[in-house]
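K.L.:
let me see the structure of the following:
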Amino acid sequence: MEKLTIVVQDAPYGSEKAYNALRYASALMTYQVSVNVFLLADGVGVAKRNQKTPSGYYNTADMLRQLIAKGVKVKT
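P.N.:
Numbers count the residues shown, from 1 in each chain. Down below sits the predicted model:
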């Protein structure tokens, strides 16, 4: 099985970088790739509970929780 680590270092909102990284992780899982996510700098905000999600954005903490339930390992 292939393994990939994704480093998220952007804030959860304001751009789509963190959101797209989580979507990419989810897509890789469908191809049997083992995924690790490393949250660095502003990226740790992705995991913050009880986020006030701006209109038009997905809640990144919920997305991260779903990935963890599927077996993604997350480190900060």
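K.L.:
hey, let's count contacts and neighbours off CA atoms from now on
P.N.:
Will do.
K.L.:
counting contacts, what elements does the helix or strand where Phe38 lies pack onto?
P.N.:
Using DSSP states H and E, Phe38 sits within strand 34-39. For strand 34-39, the packing partners by 3 or more CA pairs under 8 Å, 6 or more residues apart in numbering; DSSP states H and E come out as strand 3-8, helix 17-30, strand 73-75.
K.L.:
turn the ones you listed into a markdown table, including distance to Ala41.
P.N.:
Shown next, in a markdown table, are the helices and strands packed on strand 34-39 (distance: least, CA to CA, whole Å):
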| stretch | distance to Ala41 |
| --- | --- |
| strand 3-8 | 8 |
| helix 17-30 | 12 |
| strand 73-75 | 12 |
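K.L.:
what about the residue nearest the centre of the chain, distance to Val35?
P.N.:
Relative to the mean C-alpha position of the chain, the nearest C-alpha, by CA atoms, centre = their mean, is the one of Leu22, at 3.5 Å. Per CA to CA, to the nearest Å, Leu22 is found 10 Å from Val35.
K.L.:
same question, Ala21
P.N.:
Separation of Ala21 from Val35 (CA to CA): 11 Å.
K.L.:
who touches both of those two?
P.N.:
Each of Ile6 lies in contact with both Ala21 and Val35 under the rule CA atoms under 8 Å, 6 or more residues apart in numbering.
K.L.:
settle it for me: which of the two has more neighbours?
P.N.:
In this comparison of Ala21 against Val35, neighbours counted by other CA atoms under 10 Å, the higher total goes to Val35 at 23 against 16.
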